[in-house]
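please find the sequence and the predicted model below.
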Amino acid sequence: KFQELSASPNESIQREAYTHLFHAFMSASDESTNQLILQLINRLNNKSNLTVIDQVILRLNKDYPNDRGIFCPLILNYLTLLPGESFFMGPNEPHAYLSGDCVECMALSDNVVRAGLTPKFKDVDTLCKMLHYRYGNPSKLTPIKLDSNTILYRPPVDLCSEFEVELTTVPSNVTYQLITVPCASIIIFTDASSSSELVDSTSNERLSVKFGDIVFIAANANVTLTTSSSNVSFYRAHINLSNYNQ
């Protein structure tokens, strides 16, 4: 049925095909799933030229033996990000972080549903019901340069009005004026081998900050950062200001 539906030029019928496929392998019995995993892993272990996806599947099987999530790289997009790259993912999108470090900004959510590649509770029925089964390639966000120190990662405002993220890098022994925004924001310092000083001239507050510190900045605050002997990088999250800037 999947081959028949997926061959249709109708998008809604194609989506139905992927819905059937995802439901089938997520709800299959453990016995049949384990047998298919064994067959897949044996075939890959005897394969001479492994693709990137092949290698990912073998790594997932090593980390999560007999987990049906091992099949996910075959039906989901496999995406690698270089430093400075980002992408936006809407609600009800199945995803898994496999390796590396990243900064994730997420809108308010009352639930996280898991179904594979985790030792935690798995709620397959709820996950299958909540997904929208859109398909296509992920699109990376184009960074917007705000000044010589700061770039902005802004998702489409019609899809996400809740947030956007700035990345600021300040050299050592420099005083930098943070961009004033008309909303509250949160900063996390991700690179700083020595302490620096934040000054809010609006409230006359001074704060020593270092790697790992998280700071709340009030709306319209006039804030400067003075670095010491090391470069400083921080991420700043606040609401999507697309409409405000227009």
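Noted; the coordinates are in hand.

mean pLDDT per helix and strand in the protein: which one sits at the bottom?
Ranked by mean pLDDT, DSSP states H and E, the weakest helix or strand in the chain is helix 2-6, scoring a mean of 62.

pull out the buried positions in the next helix or strand after that helix.
Downstream of helix 2-6, the next assigned helix or strand under DSSP states H and E is helix 11-27. Neighbour-count burial for helix 11-27 flags 14-19, 21-23, 25-26 (criterion: 16 or more other Cβ atoms under 10 Å). The way it works is simple: take the backbone N, C-alpha and C, and place the C-beta from them, glycine included.

turn these into a markdown table, columns for pLDDT and distance to Cys102.
Shown next, in a markdown table, are these (pLDDT from 0 to 100; distance: Cβ to Cβ, whole Å):
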| residue | pLDDT | distance to Cys102 |
| --- | --- | --- |
| Gln14 | 80 | 31 |
| Arg15 | 81 | 29 |
| Glu16 | 82 | 33 |
| Ala17 | 82 | 31 |
| Tyr18 | 83 | 26 |
| Thr19 | 84 | 29 |
| Leu21 | 84 | 28 |
| Phe22 | 85 | 25 |
| His23 | 85 | 30 |
| Phe25 | 82 | 27 |
| Met26 | 85 | 26 |
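
out of those, which comes closest to Arg154?
Arg15 (28.1 Å; Cβ to Cβ).

pick out the residue nearest the middle of the chain.
Glu104 (5.0 Å; Cα atoms, centre = their mean).
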